[in-house]
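> Next input, structure requested:
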Amino acid sequence: MPAKVDNEKCTGCESCVDCCPSEAIKMEAEKACIDADACVDCGVCVDECPVEAITMD
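Next comes the predicted model:
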């Protein structure tokens, strides 16, 4: 299951963009946006997010 971003919590810090091994995370309107097809479900972004805006539901 791909990671999901809670846009209410996302601060646009881009930490997740820099750590994503599959380059599945892009910034749109200053918020992280995850391409579900490109996401490899590794969970690195979940651990990297300082505000806990990303989950693996």
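
> Which pLDDT value goes with Gly43?
On pLDDT, Gly43 comes in at 96.

> gap between it and Gly12?
From Gly43 across to Gly12, the span is 21 Å (C-beta to C-beta, to the nearest Å). In this view, the C-beta of every residue, glycine as well, is placed from N, C-alpha and C.

> and if you look at Ala38?
Taking C-beta to C-beta, one finds Ala38 at 20 Å from Gly12.

> do Asp35 as well
Here the criterion is C-beta to C-beta. By it, Asp35 lies 17 Å from Gly12.

> Surely Gly43 is in contact with Ala3?
Yes: when contacts are counted by C-beta atoms under 8 Å, Gly43 is listed as touching Ala3 (7.1 Å).

> Which neighbours do those two have in common?
Common neighbours of Gly43 and Ala3 (criterion: C-beta atoms under 8 Å, 6 or more residues apart in numbering): Met56.

> between those two, who's got more neighbours?
A side-by-side neighbour count of Gly43 and Ala3, using other C-beta atoms under 10 Å, places Ala3 first with 24 against 13.

> Do you know the pLDDT at that one?
pLDDT at Ala3 comes out at 96.

> tell me which element Asp18 falls in.
helix 15-19 (DSSP states H and E).

> just the CA coordinates of that helix, formatted as PDB?
Output of helix 15-19 as PDB, limited to C-alpha atoms (Å, rounded to 0.1, in the frame of the first residue of the first chain):
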ATOM      1  CA  SER A  15      12.400  16.100   3.600                       C
ATOM      2  CA  CYS A  16      10.400  13.300   2.100                       C
ATOM      3  CA  VAL A  17      11.300  14.400  -1.500                       C
ATOM      4  CA  ASP A  18      15.000  14.200  -0.700                       C
ATOM      5  CA  CYS A  19      14.800  10.700   0.900                       C
END
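
> mind listing what's buried in it?
Ser15, Cys16, Val17 (16 or more other C-beta atoms under 10 Å).

> Would you format those as TSV with distance to Ala53 and pLDDT included?
Listed next are the buried residues of helix 15-19 as TSV, based on distance: C-beta to C-beta, whole Å; pLDDT from 0 to 100:
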residue	distance to Ala53	pLDDT
Ser15	10	97
Cys16	8	97
Val17	13	97
